[in-house]
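[1] fold the following, please.
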Amino acid sequence: MANDGRPLRFGYLSAATAVDPADVLRLATLAETLGLDYAGIRAHAAGTAYEPWTLLTAIGMKTCRISLLTTAPDLSPHSLVHLARAAATLGSLIGGRVAVALAPNHAQQGGAQPSDTEAPAALEEAIQLLRLLWRGERSVRFTGRFYQLADVQPGPAPAHPIAIWLAGQEPSLAALAGRLADGWLINHSPALQPGTLARLSEQLDEAAASAGRAPSTIQRIYTIAGRIGEEERDTPFEGTTHQWSTSLTELAAQVGIDTFLLMGGDRLKGGADAEEQLRLYAQEVAPRIRELVGLGPGVAVASGLSRAYQGAGASGATPAEEETDNVDWVDETSMESFPASDPPASSSTA
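    Residues are numbered from 1 along each chain as shown. Next up, the predicted model:
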């Protein structure tokens, strides 16, 4: 299996710019009720956004199992110190289950501004600084190219591990995630076809192995902004639950993606109801992906995402099917495809 046996996980991301913060709390608690693994906040640097750690704390106190995630909109030295304290405090209150995602496209206010080529080096320092702040030292000094701290009191060490995810689709960032991060996060983009993502994932594996790390321990996270509808569409992640399941299964099987996050709030398209979309995603899309991936590596899943990028309407066997003689069989109830040599499993492996 392409994901090296990592369990499949599914989650939901709300926006800190939501009109009503109570909606963020309601959807996060619904995500736990529906059995999802993550509820997150997409933080924004804009002053009109709600404070993400306050939202996460409210969610954490209303839930007991689901893991919480936020992005970091500001990687300045002061903000990293605040992030370290906030994450450690929240984790101590709710028994862990906290992750943070760092990205290179945020301004580092109050420090040296990295160029695009310097972004990986700046992120490497940010990761090092966060882990230093979480060591439980009474005072922390850090002297780097992009970060300088002198005699900062970081607060208590986290009672539970805090995962650091690194977002970015550049090869240098994938390699950095392989060397230092706990997860690699990629946002859906039409420019990133499965073949490109697979090559980036291989670069992550190579960097992890060179650093003496097991590549299988690093999460691969994929965020999706779209709409689950009743009609099939050519645009990726704008069609039926079947199209969503097929496309995401391809990413799991071919790229090794193990965590899928649905973008909610202001990113829902077409006026879709957020709660309805969340239910469809959790109750129909996620179980079907688990079932398809559980069929094993011998199963050739129809390349729904690749075909969507190339234009829908392609018919007949794919080149891979012609080469391996894996001809699709047809499920009369759902029109889902599997090789004739390997009939479908009768139950989910979730």
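[2] list the buried residues in stretch 93-100.
    Across stretch 93-100, burial judged by 16 or more other C-beta atoms under 10 Å covers 94, 96-100. For every residue, glycine as well, the C-beta is placed using N, CA and C.
[3] first vs last residue of that stretch, how far apart are they?
    End-to-end distance of stretch 93-100: 16 Å, with C-alpha to C-alpha, to the nearest Å as the criterion.
[4] secondary structure class for the residue most central in space within the chain?
    Note on the chain: the residue nearest the mean C-alpha position is residue 221, at 3.0 Å, using C-alpha atoms, centre = their mean. Assigned with DSSP: H, G, I helix; E, B strand; the rest coil, residue 221 falls in the strand class.
[5] my guess is it meets residue 163, correct?
    No - assessed by C-beta atoms under 8 Å, residue 221 is found out of contact with residue 163, at 10.2 Å.
[6] mind listing the shared neighbours of those two?
    Shared contacts of residue 221 and residue 163 (C-beta atoms under 8 Å, 6 or more residues apart in numbering): residue 183.
[7] rewinding a little: would you mind listing the residues in contact with the residue nearest to the centre of the chain?
    Contacts of residue 221 by C-beta under 8 Å, 6+ apart are 165, 183-186, 257-261.
[8] for residue 118, give its distance to residue 142.
    Using C-beta to C-beta, to the nearest Å, residue 118 is found at 17 Å from residue 142.
[9] with residue 156 instead?
    18 Å.
[10] the more surrounded of those two?
    residue 142 (16 against 11; other C-beta atoms under 10 Å).
[11] which residue, other than its chain neighbours, is closest to the more buried one?
    residue 149 (4.4 Å; C-beta to C-beta, 6 or more residues apart in numbering).
[12] wasn't that neighbour part of a strand?
    Yes - when three-state DSSP is applied, residue 149 is found to be in a strand.
[13] neighbours around it, how many?
    19.
[14] wait, doesn't it sit right on residue 130?
    No - here residue 149 lies out of contact with residue 130, judged by C-beta under 8 Å, at a distance of 11.6 Å.
[15] picking that back up, gap between the residue nearest to residue 142 and residue 13?
    Applying C-beta to C-beta to residue 149 and residue 13 gives a distance of 30 Å.
[16] so where's the stretch 251-350 of the chain uncertain?
    Filtered on pLDDT under 70, the stretch 251-350 of the chain yields the residue ranges 265-272, 295-350.
[17] the residue nearest to the centre of the chain pairs with what?
    residue 185, residue 259 (DSSP bridges).
[18] now it: how far from residue 24?
    As judged by C-beta to C-beta, residue 221 and residue 24 stand 20 Å apart.
[19] could you pull out the helices for this protein?
    21-33, 52-62, 77-94, 119-133, 171-180, 194-210, 241-250, 274-280, 286-294, 304-310, 319-324 (DSSP state H).
[20] quick one: neighbours of residue 170, just the number.
    14.
[21] how about the closest residue to residue 283 other than its chain neighbours, phi and psi?
    With sequence-adjacent residues excluded and distances taken as C-beta to C-beta, 6+ apart, residue 283 is closest to residue 34, at 6.6 Å. Residue 34 adopts backbone torsions of phi -80, psi 0, taken as degrees, to the nearest 10.
[22] list the contacts of residue 34.
    Applying C-beta under 8 Å, 6+ apart to residue 34 gives the contacts 278-279, 282-283.
[23] and the residues you listed as JSON lines, adding neighbour count and distance to residue 49?
    Converted to JSON lines, these look like this (neighbours: other C-beta atoms under 10 Å; distance: C-beta to C-beta, whole Å):
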{"residue": "278", "neighbour count": "21", "distance to residue 49": "21"}
{"residue": "279", "neighbour count": "15", "distance to residue 49": "26"}
{"residue": "282", "neighbour count": "20", "distance to residue 49": "26"}
{"residue": "283", "neighbour count": "13", "distance to residue 49": "30"}
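[24] so where is the stretch 1-150 of the chain shaky, pLDDT-wise?
    1-3, 45-48, 105-113.
[25] ok, back up a step: can you tell me which of the contacts of residue 221 is closest to residue 5?
    If you rank those by distance to residue 5 using C-beta to C-beta, residue 258 comes first, at 9.3 Å.
[26] wait, that closest one touches residue 8, no?
    Yes - taking contacts as C-beta under 8 Å, residue 258 lies within contact range of residue 8: 5.8 Å.
[27] OK, contacts around residue 226?
    So residue 226 contacts 188, 236-238, 244, 269 (C-beta under 8 Å, 6+ apart).
[28] identify the farthest-apart pair in those.
    The span of these, defined through C-beta to C-beta, is set by 244 and 269 at 13.3 Å.
[29] neighbour count: these two, which is higher?
    residue 244 (29 against 14).
[30] how many other residues sit next to residue 33?
    Look at residue 33: counted by other C-beta under 10 Å, it has 12 neighbours.
[31] how close does it get to residue 132?
    38 Å.
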